[in-house]
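In: Generate a structure from the sequence data that follows.
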Amino acid sequence: MKELDLTKQSGGCGSNTPSVSLMKFWLEIGGNQEVKIIALQGVQADQVEMWAMAMQEKGVKILNKEFNEDKVIYTVYLP
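Out: Residues are numbered from 1 along each chain as shown. Next up is the predicted model:
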C-alpha cells in the first residue's frame, strides 16, 4: 500500500497545505487503490478529513482511521 506521510512536511500555506499534497499524491500514483495517509492530530488531520469530504462526490472514501501517539493514520480509497 502506498503511503503519504504529511508529518514530514513543513507547515504553511499555498503549495505546502495537506490538501494540495493529497491532490499531488493522487495525481502521481493514480487512482483505483487504497493508500495510507499519516497526519498529525489537529490541523493536519482536520484538513485530511475536509479534503476527503470535499472529494467524496469523486469517490474518495476514508476506510479506516487509527490513532497512534500524536498521529492519525488513515486508510483512504482513491478512485
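
In: ranges for the helices of the protein?
Out: 18-29, 43-54 (DSSP state H).

In: Hey, what's the angle from the first one to helix 43-54? Just curious.
Out: Put plainly, it is helix 18-29. On the basis of axes from the mean of the first three to the mean of the last three C-alpha atoms, to 10 degrees, helix 18-29 is oriented at 60 degrees to helix 43-54.

In: Can you show me the CA trace of helix 18-29 as CSV?
Out: Output in CSV follows, covering the C-alpha atoms of helix 18-29 (Å, rounded to 0.1, in the frame of the first residue of the first chain):
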residue,chain,number,x,y,z
PRO,A,18,-2.2,18.9,3.2
SER,A,19,-5.0,19.3,0.7
VAL,A,20,-2.6,20.3,-2.1
SER,A,21,-0.2,17.5,-1.1
LEU,A,22,-3.1,15.0,-1.2
MET,A,23,-4.1,16.1,-4.7
LYS,A,24,-0.5,15.9,-6.0
PHE,A,25,-0.1,12.4,-4.4
TRP,A,26,-3.4,11.3,-6.1
LEU,A,27,-2.2,12.6,-9.4
GLU,A,28,1.2,11.0,-9.1
ILE,A,29,0.1,7.5,-8.0
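
In: just checking, what packs against it?
Out: Identification of packing neighbours for helix 18-29 by 3 or more C-beta pairs under 8 Å, 6 or more residues apart in numbering; DSSP states H and E yields strand 2-5, strand 33-40, helix 43-54. From N, CA and C alone the C-beta is placed, and that goes for glycine too.

In: The last one too?
Out: Contacts defined by 3+ C-beta pairs under 8 Å, 6+ apart place helix 43-54 against helix 18-29, strand 33-40, strand 61-68, strand 71-78.

In: Tell me how far stretch 24-42 lies from the chain's centre.
Out: 5 Å (C-alpha atoms, centre = their mean, to the nearest Å).

In: nope, stretch 26-44 is what I meant
Out: 3 Å.

In: Contacts made by it with the rest, please.
Out: Applying C-beta atoms under 8 Å, 6 or more residues apart in numbering, the external contacts of stretch 26-44 come out as 1-7, 11, 18, 22, 25, 45, 47-48, 63, 67, 70-79.
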